[in-house]
Each structure stands twice: as C-alpha cells, then as structure tokens.
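K.L.:
no FASTA, just this:
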C-alpha cells in the first residue's frame, strides 16, 4: 500500500512539473529586466526573429520589414482570423455576446492551452472570446468555430475565404487554433493585413485585448485568464493583440500601439524566446514612433488642371483634386515627396460633373505613398450641330468662343 502511495505521489509530482513547464514556456520566462536589456542591445536592422514587419494602421504603409513575405508557421496567431470571423458573425447579427456556446466532445478533446471545458458545459460567447484572446484557449476556439460554422472544417473554409478577400496571398489555414504546424502557414505581411483589418473593422477587440486579467468559470473550478501579451503592461500605448507559440513556429506576437493619434502594428514570427519577441516588438514600435510622423497634404478642391473639351457647349473644363492625402513618413523625407499628376489630354462631351479624369500620385524614393482622383468640376453637354458649325466658321477667322 505504501509503495502504491509513493508511486502515486511521484506521478502527481511529475504531472505538476510537466504542467509548470508548459506554462513557463509562454509566461513564467517573461522577465522585464531581460526585455529591457535586449531592447538596448537590439537594432531594427538586426532582429533575431525569423520574420518581422512594422506597418501604419491608417494607410497600411510598411515602415520596416524583415523576411515579411516568407511563409512560416504562425502558431496561435492563427486565432487572429478566428477572432475576426467571430466579430464578423456578431456584426452580421448571426450571434451576440450573450449567445450560449456549448462545448462538444470534439472541442473538449483539444489539448495545449485550454480552459478545460467539459462536454455539454456552456458559456456566453463573450466569456469564450476572453478565453480565446487572453488565454489562447484551443477548446474554446473550436467550440465557438462549431457554433458559427457548424464544424471546425467549415469554419476553416471561411477562414481561407476571408484570407483571400483580405489579400493574404501567402496564407493557408488548416485549423482554427494554430496547433497544426505543417501546412498551416502565413507571412508577417499577410498577418499585418489581417491585424490591420481587425483593428479597423472591429475596434471592439480592444475591449478584450487590453485586459490584463479575467476570471473564467468563477468558483471552485475557476481558471485565471492572465493576458499573455505582456507588452500591454510595460509599453505605453500598447493595447493588443495576440501571442503564439509552438516548438516549430517559435515565439510569435501580433501587437499594436498608439501614440499621438498614430497607430502602428507589428508582427514577429519565430522569436527565439518570449523576451525576444516582446523586446523586438518594442524596438520596432519605438523606431516607428520616433522616426516617422504623419503629414497631411491638404489639396481637397484644388484645381489640378484644365482639359480641352471636344464637341461640348464649352471648350474646356476645370478639374480638381478630390481629397487630402495623409502619410506616415520619415520626418526628414517630407521635402522629397514627388507629386505626379496624370490627367486626360482631352475630353469629348457629353460627360457629368465629377467624372474621374486622372489622379495625383505621391511618390517617395520611387515608392508610391498614395493616390487620389482628379474629377471634372462641372457637367458639359454636347453642342448642337449648328453650334459646332458656327464655332468652325469663327475659327477660320481666328475667333474663338
């Protein structure tokens, strides 16, 4: 009996030790002193991560990148798409925060990070989103996927469909959790597109991603959901988005922060440890906020040119720039922006007011920052046959009208 008791104690100890290692992999090893030291020693031109990118959330401009088009495993950054589709389903009225999610046997079977759902256990969708975003719970993610699409496979189909719609050309989803390494891939650039779409289309994500703690299943079987994105605790202005880790993918992080009205988004893939991913993210954000500034070229309504009109009641029409242009650029580069006007050489009547006849593009160091339309300022009707004949006669005598 004593021998059996000793064996049970040893097994319990080993299980406890193994579990602590799993948690340590993503949380316990975080050390702000180590992070700060890495930040001091790191250059944005020599990042350790396999791939990284820094983009402006307003314009989508890439401000810095490393291997941003390289296909890599993305671990739980997969859940960014799952979260996007959850908010889309809410927006479409298919579900709401109070919708009840029931855990299936299939959902409960998922290991890794989890909230230990039991078959038939029910929670609101809002509770499940907390579990997914803060704790990266695989069982909760699958349960919600089944609620929205009927099955994980159907949900994954929607994930790939949405990726295509967002222009994520180098992304393929095989599951909704990120547990699959082989064949479940993306790029830093594609994930930045997704993160950008998420924060702009569904800013309610910040209701979840900014929390440092949330209790799940309060009571005897409570799970404490501590936000694994430590960036929000030590980086001023940080408010999202999602961590990820598998042995194959390494330490990944999709992050965003805002300062002085400018929001930046970063993606880190394949960091060698948790401190590196947070430090290199902070370094990228610092680089963006310190070296780039937002400028607005106020040109709305400005005359862009005058175009000759053939066969119209008038012989020329003014054209104007339709809107202002805002860019995030290196502060010293403002004077180097090239303004290129492309406009029709002539128009033939009739045409309506606000007909697009060209554009103004803004180019910096050979890269187009943006483009706005040029439109006609008024409608022009077609001249009658006799008006055209009379105009021709006057032109013989050198008279124009």
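P.N.:
Thanks, I have it. This one's a predicted model, so the numbers in the text were calculated from it and none came from an experiment.

K.L.:
Surely residue 65 is in contact with residue 188?
P.N.:
Yes. In this structure residue 65 lies within contact range of residue 188 using C-beta atoms under 8 Å: 6.9 Å. The C-beta positions use only the backbone N, C-alpha and C, and glycine is treated the same way.

K.L.:
Looking at those two, which one has more neighbours?
P.N.:
Neighbour count, other C-beta atoms under 10 Å: between residue 65 and residue 188, residue 188 has more, with 31 against 19.

K.L.:
Please determine how far the more buried one is located from residue 250.
P.N.:
13 Å (C-beta to C-beta, to the nearest Å).

K.L.:
Give me the common contacts of the two.
P.N.:
residue 269 (C-beta atoms under 8 Å, 6 or more residues apart in numbering).

K.L.:
Neighbours of residue 134, how many?
P.N.:
Neighbour tally, residue 134, other C-beta under 10 Å: 23.

K.L.:
Setting aside sequence neighbours, what's the nearest residue to it?
P.N.:
residue 225 (4.3 Å; C-beta to C-beta, 6 or more residues apart in numbering).

K.L.:
can you pull the contacts of that neighbour?
P.N.:
Applying C-beta under 8 Å, 6+ apart, we find residue 225 in contact with 115, 130, 131, 134, 135, 213, 214, 215, 216.

K.L.:
swap in residue 72?
P.N.:
50, 51, 185, 186, 187, 188, 249, 269, 270.

K.L.:
now it, which residues is it bridged with?
P.N.:
Beta-bridge pairing of residue 72 under DSSP bridges involves residue 186.

K.L.:
Okay, it and residue 243: tell me how far apart.
P.N.:
According to C-beta to C-beta, residue 72 and residue 243 sit 15 Å apart.

K.L.:
Could you do residue 317 as well?
P.N.:
56 Å.

K.L.:
between those two, which one's more packed in?
P.N.:
residue 243 (28 against 22).

K.L.:
Give the bridge partners for the more buried one, please.
P.N.:
residue 253.

K.L.:
right, and it touches residue 136 too?
P.N.:
Yes. Residue 243 lies in contact with residue 136 (C-beta under 8 Å); the separation is 6.8 Å.

K.L.:
before we move on, the earlier item: of the contacts of residue 72, just say which sits nearest to residue 256.
P.N.:
residue 188 (14.1 Å; C-beta to C-beta).

K.L.:
quick one: that closest one and residue 62 touch, right?
P.N.:
No. Applying C-beta under 8 Å as the test, residue 188 and residue 62 come out as separate, 9.8 Å apart.

K.L.:
what do those two both touch?
P.N.:
Common neighbours of residue 188 and residue 62 (C-beta under 8 Å, 6+ apart) are 53, 68.

K.L.:
Please parse the chain into its domains.
P.N.:
29-292, 298-396 (automatic domain parsing).

K.L.:
can you list the weak-confidence ranges in this structure?
P.N.:
Counting by pLDDT under 70, the chain shows low-confidence ranges at 1-28, 386, 388, 390-395, 397-401.

K.L.:
what about the helices in this protein?
P.N.:
2-23, 32-41, 79-91, 105-108, 125-135, 138-149, 152-165, 188-201, 206-209, 231-234, 274-291, 385-396 (DSSP state H).

K.L.:
Mind putting these into JSON lines with distance to residue 256?
P.N.:
Conversion of these to JSON lines gives the following (distance: least, C-beta to C-beta, whole Å):
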{"stretch": "helix 2-23", "distance to residue 256": "25"}
{"stretch": "helix 32-41", "distance to residue 256": "18"}
{"stretch": "helix 79-91", "distance to residue 256": "11"}
{"stretch": "helix 105-108", "distance to residue 256": "29"}
{"stretch": "helix 125-135", "distance to residue 256": "13"}
{"stretch": "helix 138-149", "distance to residue 256": "21"}
{"stretch": "helix 152-165", "distance to residue 256": "19"}
{"stretch": "helix 188-201", "distance to residue 256": "6"}
{"stretch": "helix 206-209", "distance to residue 256": "8"}
{"stretch": "helix 231-234", "distance to residue 256": "9"}
{"stretch": "helix 274-291", "distance to residue 256": "9"}
{"stretch": "helix 385-396", "distance to residue 256": "60"}
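
K.L.:
Residue 330 is nearest to which of the ones you listed?
P.N.:
Nearest to residue 330, of all those, is helix 274-291, at 5.6 Å by C-beta to C-beta.

K.L.:
What count of nearby residues applies to residue 102?
P.N.:
Neighbours of residue 102 (other C-beta under 10 Å): 14.

K.L.:
which residues touch the closest residue to residue 336 other than its chain neighbours?
P.N.:
Spatially, and ignoring its direct neighbours in sequence, residue 336 is nearest to residue 364 (6.0 Å; C-beta to C-beta, 6+ apart). When the contact criterion is C-beta under 8 Å, 6+ apart, the partners of residue 364 are 329, 333, 336, 337, 338.

K.L.:
go with 7 Å
P.N.:
329, 333, 336, 337 (C-beta atoms under 7 Å, 6 or more residues apart in numbering).

K.L.:
and if you look at residue 69?
P.N.:
Residue 69 touches 170, 187, 189, counting by C-beta under 7 Å, 6+ apart.

K.L.:
center of the protein, which residue is that?
P.N.:
Geometric centre of the chain, nearest residue: residue 195, 1.7 Å, by C-alpha atoms, centre = their mean.

K.L.:
Pull up the gap between the nearest residue to residue 82 once chain neighbours are set aside and residue 146, please.
P.N.:
Closest residue to residue 82 apart from its sequence neighbours, by C-beta to C-beta, 6+ apart: residue 176 at 4.7 Å. Note on residue 176: its distance to residue 146, by C-beta to C-beta, is 9 Å.

K.L.:
joint contacts of those two?
P.N.:
residue 152.

K.L.:
Between these two, which is the more surrounded one?
P.N.:
Using other C-beta under 10 Å as the criterion, residue 176 and residue 146 rank with residue 176 on top: 28 against 21.

K.L.:
if I look at that one, how far off is residue 189?
P.N.:
Counting by C-beta to C-beta, the gap from residue 176 to residue 189 is 22 Å.
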